Every structure is written in C-alpha cells, then in structure tokens.
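[1] A predicted structure for the sequence below; I have some questions about it.
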Amino acid sequence: MPARMSDTSLALLTTDPLAILQQVFGYPAFRGDQAAIVDHVVRSGDALVLMPTGGGKSLCYQIPAIARHRGGQGVAVVVSPLIALMHDQVGALEEAGVHAAFLNSSLSAEDAQRIEREMMGGRLVMLYAAPERLTTPRMLAQLDSLHERGLLSLFAIDEAHCVSQWGHDFREDYLALNVLHERYADVPRIALTATADDLTRADIIARLQLEDARLFVSSFDRPNIRYAIVEKDNARAQLLRFVQDEHAGDAGIVYCQSRKKVDETASWLSGEGVAALPYHAGLDAAVRRRHQDRFLREDGLVMVATVAFGMGIDKPDVRFVAHLDLPKNIEGYYQETGRAGRDGLPANAWMTYGLADVVNQRRMIDDSPAGEEFKRGQVGKLEALLALAEAHDCRRVRLLAYFGEASTACGNCDNCLRPPATWNATEAARMALSCIYRFHQAAAANNRGARSFGAGHLIDVLRGKTTDKTAQHGHQQLSTFGIGAAYSEAQWRAVLRQLIALGHLRTEGDYNTLELTDSARNVLRGEVQLLLREANASDTAPASRSRRGSKSSSSRETAKDKPPPQPLDEAATARYADLKAWRAEVAREHNLPAYVVFHDATLAEMARAAPATLAELGGISGVGGKKLEAYGDDILRVLRSG
C-alpha cells in the first residue's frame with residue numbers, strides 16, 4: 001500500500017482556487033457562496049461566514065490557505081476548539097497532499113518542537129491550534145516572528161459563535177482572540193460558524209473586531225434532514241421505537257441533558273440490542289477519546305451524549321440525531337441536528353419533550369447569576385424554541401425564519417407529512433391561572449400563609465380528581481375543582497408548558513411549585529390567545545417509514561452488509577463492498593476514520609462507473625490528485641478483481 005507523500009509536487013501547482021479545488025480535493029465546482037468567499041479571502045479580505053453544518057465551511061479557509069502558501073505567504077493558523085477535530089482535519093489534509101499539523105496537549109514535547117520548527121520555517125500550509133494555546137506568550141512570539149518575515153498568511157477562527165455570550169456554546173478562551181487584529185491587522189481573518197442569530201452575529205463582529213469584514217450568509221436549509229418533534233410519553237420507549245423502525249444499524253447521536261441520564265440511556269439501549277456508547281465530561285479523558293474514536297471509525301454506533309460531544313464532528317454518515325431533552329435554544333438545536341446527514345443523504349432530527357423540560361430550562365435561566373438583560377435574551381430564545389416545538393405548521397419554515405430566511409412548506413417534516421389538529425387553549429389557560437389564584441386565597445382564609453403547588457396537584461384539582469392531598473388542603477371545596485374535567489392530562493400539561501415558556505407562570509423551589517407572574521393578568525383578562533397542537537397517540541410513532549424501509553434491531557446490519565448511499569445494480573453493489581473493505585484496510589494503516597480516505601458517496605460512484613483507467617478514475621468527484629497518485633492503481637485493481 002503506498003505511503004503518504006509530501007506535498008512537494010503539489011506546492012509547485014497553480015494558486016488558482018478552482019484549480020486547487022479540482023486538483024487537491026477532487027471536486028469539479030464550488031457550491032453556493034464558496035467561490036466568492038474564497039476569492040475574497042485570497043485577496044486579503046476579512047470575512048464572517050455563516051454556513052450550515054455540512055455546507056463546506058472548511059474549504060472556505062483551506063483553499064485560501066493553500067493558495068496563499070503557494071504564493072509565498074507562509075502558514076495559515078486555524079483556531080479550533082477540539083483535539084479530535086484537529087486530528088481528523090489534519091489527517092484529511094495530509095491524505096489530500098497538503099502539509100498540515102496541530103499543536104495541542106496530545107503531542108509529546110519532541111513532536112511539538114518538530115512542528116514548531118516546520119511552522120517557523122514556513123513549510124507548513126496550515127497549523128491548527130486551540131484558542132488558549134494561540135494566545136500564550138510563546139505562541140505569540142512565534143507568530144510575531146512569522147509576521148515580521150511575511151510568513152503569516154491567514155487566520156481562520158472556526159466555531160466563531162464560541163466568542164459570544166449570546167451564543168449556545170460560549171467559551172471564555174475565545175475572548176482573547178481580539179489580539180489577532182490588534183497585533184496582525186494586515187493578516188486576513190475569516191471567522192466561521194454554522195449558527196448565529198442577529199445578537200450573536202453582532203457579538204462576534206464586536207469581540208473579534210470584524211467591523212470591516214464582509215458578511216457571507218448562506219442558506220440555513222438542510223433539505224435532506226427531516227424534522228420531527230413529539231410530546232414526551234415514555235421517552236425511552238419512543239426513542240427505541242424510532243431507532244428500531246427507522247435507523248437499525250445506522251450511526252446516530254442521542255443527546256441528554258445530564259451525565260446520569262447519558263449513562264443510563266446508553267446502558268439501556270445496549271441492553272435492547274442497540275450498539276451504544278456514553279460520552280460526557282464526567283468520564284475519564286481516555287474513555288471519552290476511545291468512545292469518540294470508535295464512533296468515528298466504526299459503522300452503526302450510537303453515541304449517547306451531553307452537548308459536550310459533537311462540535312467539529314465531521315462524520316458524514318450520521319443518519320439521525322435524537323434529543324431526549326429540550327435544548328436551550330434554536331441555535332443549539334440547529335447546530336446539534338446539523339451533525340446528521342453531512343453527506344447530503346436523507347437523515348432524521350427527532351426530539352421528544354415535555355412539561356418537565358420547560359420547567360427545568362426556565363428554572364436554569366431564573367436561577368442564573370447573569371444580568372437581567374442576558375436572562376431576558378435567554379428567555380426569548382427559549383420561547384422561540386417552544387414555539388417551534390408546539391408549532392402546527394411547517395417546522396422548516398419556522399426554523400429558517402428564526403435565522404431570517406424565508407421559505408415555503410417543505411413537505412418533509414412531521415407537521416407537513418401528518419398535519420396535527422389544533423385547539424384553542426385560551427379558556428383552559430384562564431382556568432389554570434384562576435385555580436392557582438384560588439390556592440392562595442384558600443390558604444389565606446385558613447391562616448396557613450401562602451401555599452404553592454406543583455403541576456401534578458394543579459391538574460388533579462382542575463380535573464376534579466379526589467386525592468389525599470386535595471382533601472388535606474380543602475381543595476375539593478374550591479370553585480375551580482373539576483372545572484377542567486373536559487380536558488385530558490396531556491392537554492393540561494401542554495397548557496402549562498406554554499404558560500411557563502411564555503412567562504405567565506414561573507416555578508419555584510425544589511418541588512417546582514407554580515406561581516403567577518405579572519403577565520398572568522393579561523391571560524386572565526382574555527388578552528392572550530393560546531392555540532395548541534392536539535395531543536395525538538401517533539406522536540410516539542415516526543413521521544413515516546425510512547426511505548430505505550423498516551428494519552428491526554434483531555436484523556442489525558453489519559458494516560459489510562450496509563447498503564450504498566444510492567441504489568446500485570448487483571455487480572456494482574459487489575464492487576462497492578470490495579471498495580469498502582479496501583478502504584477499511586487503508587484507514588487502519590493510517591489511523592484515520594474511513595471517510596477521511598474516501599466518502600461513501602465517492603466509493604458508490606466508483607462502483608457505479610467502474611472506471612478502467614486512472615484518467616477515468618480521476619474524473620470522479622472526491623478523487624483529488626494526491627489520492628489518485630497514492631491509491632489509483634490499488635482502486636483499479638480492486639475494481640478489476642471484483
């Protein structure tokens with residue numbers, strides 16, 4: 001098997017961005033705004049790029065870095081927040097014949113010094129580093145030296161939303177990156193993120209001093225992702241049914257809010273025949289690294305994780321992302337769901353949520369030591385997410401509208417595929433608030449002091465259910481006892497979810513007791529309308545069968561048996577299986593995820609076209625010059641033997 005080559009021969013090639021795209025990465029043309037972004041940065045312009053996950057953000061700085069390096073402008077420095085991401089990005093670049101490296105805590109002192117020497121000599125095309133390392137005195141001194149010699153070509157700040165307090169993944173280390181503009185004002189900077197609303201965008205611009213940067217906003221639409229949100233009713237059973245019916249044998253991510261829930265859910269899924277691993281910050285670093293490596297390198301694993309997992313995960317064949325708990329905001333939800341279907345093939349974003357999720361999120365905001373302005377912002381973001389969850393019209397239209405993008409009904413989300421019935425919950429909301437008010441009146445009349453009660457007791461009283469607690473507190477004598485008997489418990493929980501999310505109710509104390517807020521008066525006066533989706537027993541079922549058909553967990557496919565991304569005839573399917581086996585061997589030898597060698601879609605096209613010459617093989621999308629030289633003869637041999 002050929003060894004990796006240096007990029008010596010490639011360094012002599014053209015500096016033209018399109019030629020680099022074709023020769024190095026093997027793609028025939030730029031997509032969307034890529035060409036304009038690349039041209040702007042190559043010409044020394046600063047840029048802020050908002051592009052969805054899977055939209056090709058990396059090429060927007062990698063191609064300018066290569067072009068400027070070949071033009072004699074030295075090293076591009078890429079700010080990246082995760083070690084695993086650096087490793088895979090560097091591995092992919094080296095596979096493509098581009099000399100890149102990373103500096104992080106996983107390196108020995110000897111290896112770090114070797115990379116520093118290559119950087120200082122201007123031989124590296126790209127250096128990946130974490131923000132905390134980039135701003136150390138040692139690193140800044142090295143950057144100063146490169147700058148003085150004209151060998152500092154570009155700064156790329158990936159996951160730029162981390163600099164914003166309004167973003168969903170704020171990291172304090174990013175705040176120090178304003179030093180890049182202050183010390184190296186003539187070096188172009190490109191900041192990139194997949195999610196940022198107006199507040200976050202403004203914060204990125206201010207904190208990174210990108211006031212003069214050109215803003216590029218791509219469409220946020222990911223048409224290959226199907227969105228479905230269901231009301232929580234035995235969440236584990238709902239999740240298992242979703243996985244078994246839609247995604248048996250597929251790679252996926254399940255997000256949970258707590259570490260304990262991650263561990264319990266991963267263990268339970270494993271017991272149900274689903275290959276699942278846990279990931280959260282409470283696990284030993286070696287365990288986290290081992291689990292992430294397995295997820296990236298093996299087929300068909302499900303990662304159960306907190307949001308500590310996922311940023312920078314480039315695995316293209318994640319077929320689903322499931323949320324067992326409500327995220328904090330739409331930005332987080334969009335970023336996390338965007339980790340599915342990066343290869344452009346059909347994928348699912350599925351979430352279940354309930355009253356407890358709303359209560360917990362609202363309490364976290366209320367109990368936060370942050371300032372009132374920040375809290376108001378977070379409440380607004382939570383309300384927008386709840387509006388998406390409770391929506392009875394197209395999910396995609398609402399999601400894109402949040403980011404300022406107009407669209408039409410997608411015909412592919414759960415609401416489009418199975419439009420829900422709705423009901424006017426305004427009168428029910430007034431009943432609930434009146435009942436809470438009566439609780440306080442009854443307590444005062446009996447000289448018991450103010451008493452508050454949780455959602456369960458409130459619903460019992462509204463539905464006229466006699467319990468020890470209703471008898472103990474005399475609530476059976478209240479005028480509101482039984483006034484809501486016509487509504488189901490599920491309907492009442494939906495009403496309370498909305499009242500809490502909209503701020504008309506708040507929860508207090510360890511028992512999440514319910515209290516009226518000032519705005520509750522507006523509801524009681526009938527000035528606020530609540531239109532809710534009707535609880536539906538079929539909410540526990542998937543929106544529709546997978547486009548590949550239904551599978552059970554007992555028939556879980558092995559990596560060898562998994563079908564190609566697109567239908568192939570019998571002979572091509574056999575060639576595809578042979579190519580996957582060959583790719584697995586190459587990936588093991590190079591210690592890389594298989595998709596870094598070639599994506600499934602590229603292998604499928606090889607199998608379909610069955611090229612007989614190197615020239616024909618080079619015409620397939622995803623086969624760059626270095627990979628053609630390194631692997632071309634082996635691939636043709638595999639195809640002939642098949």
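    Cool, the structure landed.
[2] check contacts around residue 437.
    residue 516 (CB atoms under 8 Å, 6 or more residues apart in numbering). Placement of C-beta: from N, CA and C, glycine included.
[3] what do you get if the cut-off is 10 Å, keeping everything else the same?
    By CB atoms under 10 Å, 6 or more residues apart in numbering, the residues touching residue 437 are 480, 516, 520, 524.
[4] now for the residues you listed: which two are most distant?
    By the measure CB to CB, 480 and 520 form the most distant pair in the contacts of residue 437, at 14.5 Å.
[5] more crowded one of the two?
    residue 520 (23 against 20; other CB atoms under 10 Å).
[6] doesn't residue 436 make contact with that one?
    Yes - counting by CB atoms under 10 Å, residue 436 is a contact partner of residue 520 at 8.2 Å.
[7] quickly list what's touching both of those two.
    Common neighbours of residue 520 and residue 436 (criterion: CB under 10 Å, 6+ apart): 499, 505.
[8] would TSV of the contacts of residue 437 with distance to residue 119 be doable?
    As requested, the contacts of residue 437 are exported to TSV (distance: CB to CB, whole Å):
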residue	distance to residue 119
480	72
516	62
520	61
524	66
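[9] these in helices, which ones?
    520, 524 (DSSP state H).
[10] out of the contacts of residue 437, flag the one nearest to residue 396.
    residue 520 (33.2 Å).
[11] show the contacting residues for the closest one.
    429-430, 432-434, 436-437, 499, 503-506, 528.
[12] dump stretch 362-382 to PDB, restricted to CA.
    Extracted C-alpha coordinates of stretch 362-382, given in PDB (Å, rounded to 0.1, in the frame of the first residue of the first chain):
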ATOM      1  CA  ARG A 362     -36.900  28.100  32.800                       C
ATOM      2  CA  ARG A 363     -35.500  27.500  36.300                       C
ATOM      3  CA  MET A 364     -31.900  27.400  35.000                       C
ATOM      4  CA  ILE A 365     -32.500  30.800  33.400                       C
ATOM      5  CA  ASP A 366     -34.200  32.200  36.500                       C
ATOM      6  CA  ASP A 367     -31.500  30.800  38.900                       C
ATOM      7  CA  SER A 368     -28.600  32.000  36.800                       C
ATOM      8  CA  PRO A 369     -26.400  34.700  38.300                       C
ATOM      9  CA  ALA A 370     -26.300  36.500  35.000                       C
ATOM     10  CA  GLY A 371     -27.700  40.000  34.500                       C
ATOM     11  CA  GLU A 372     -31.300  40.800  33.700                       C
ATOM     12  CA  GLU A 373     -30.600  41.700  30.100                       C
ATOM     13  CA  PHE A 374     -28.900  38.300  29.500                       C
ATOM     14  CA  LYS A 375     -31.700  36.500  31.200                       C
ATOM     15  CA  ARG A 376     -34.300  38.300  29.100                       C
ATOM     16  CA  GLY A 377     -32.400  37.200  26.000                       C
ATOM     17  CA  GLN A 378     -32.300  33.600  27.100                       C
ATOM     18  CA  VAL A 379     -36.000  33.600  27.900                       C
ATOM     19  CA  GLY A 380     -36.700  34.900  24.400                       C
ATOM     20  CA  LYS A 381     -34.600  32.100  22.900                       C
ATOM     21  CA  LEU A 382     -36.400  29.500  24.900                       C
END
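[13] quick one: residues contacting the closest residue to residue 614 other than its chain neighbours.
    Leaving aside its chain neighbours, residue 614 sits nearest to residue 632 (4.8 Å; criterion: CB to CB, 6 or more residues apart in numbering). Taking CB under 10 Å, 6+ apart, we find residue 632 in contact with 2, 611, 613-615, 617-618, 623, 625.
[14] what is the rounded mean pLDDT of the helix or strand where residue 632 lies?
    Element membership of residue 632, judged by DSSP states H and E, is helix 625-641. In this model, helix 625-641 has an average pLDDT of 93.
[15] quick one: buried residues of that helix?
    625-632, 635-636, 638-639 (16 or more other CB atoms under 10 Å).
[16] ok, now stretch 361-369?
    361-363, 365.
[17] so of those residues, which ones are in helices?
    Per DSSP H, those map to helices at 361-363, 365.
[18] quick one: which of those is nearest residue 200?
    Using CB to CB, these come closest to residue 200 at residue 365, 17.1 Å.
[19] just to revisit the earlier point, including distance to residue 81, could the buried residues of stretch 361-369 go into a markdown table?
    Conversion of the buried residues of stretch 361-369 to a markdown table gives the following (distance: CB to CB, whole Å):
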| residue | distance to residue 81 |
| --- | --- |
| 361 | 24 |
| 362 | 29 |
| 363 | 28 |
| 365 | 25 |
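[20] could you dump those to TSV with pLDDT and distance to residue 41?
    Formatted as TSV, these follow (pLDDT from 0 to 100; distance: CB to CB, whole Å):
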residue	pLDDT	distance to residue 41
361	85	38
362	82	42
363	82	44
365	84	38
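[21] can you select the buried ones from the contacts of residue 520 in ChimeraX?
    Of these, the buried ones go into a single ChimeraX selection, burial set by 16+ other CB under 10 Å:
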select :429,430,432,433,434,436,499,503,504,505,506,528
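[22] helix/strand/coil for residue 216?
    strand (DSSP: H, G, I helix; E, B strand; the rest coil).
[23] that one against residue 33, yeah?
    Yes - the pair residue 216 and residue 33 passes the contact test of CB under 10 Å, sitting 5.0 Å apart.
[24] what touches both of those two?
    With CB under 10 Å, 6+ apart as the test, residue 216 and residue 33 both reach 40, 47, 49-51, 60.
[25] which among these gets closest to residue 377?
    residue 50 (19.0 Å).
[26] for the closest one, what are its contacts?
    Contacts of residue 50 (CB under 10 Å, 6+ apart): 33, 57, 160-161, 191-196, 200-201, 204, 215-220, 403.
[27] among the residues you listed, name the ones in helices.
    Taking DSSP H as the definition of helices, those contribute 57, 200-201, 204.
[28] ok, how many other residues are close to residue 409?
    By the measure other CB under 10 Å, the count of residues near residue 409 is 13.
[29] now do the strands in the stretch 1-150 of the chain.
    Using DSSP state E, counting those that start in this stretch, the strands assigned to the stretch 1-150 of the chain run over residues 47-50, 75-79, 100-103, 126-129.
[30] nearest the geometric middle of the chain, what residue?
    Centroid-nearest residue in the chain: residue 336, 2.0 Å away (criterion: CA atoms, centre = their mean).
[31] tell me the contacts of it?
    53, 168, 195, 253, 255, 305, 307, 309-311, 321-323, 327, 349, 351.
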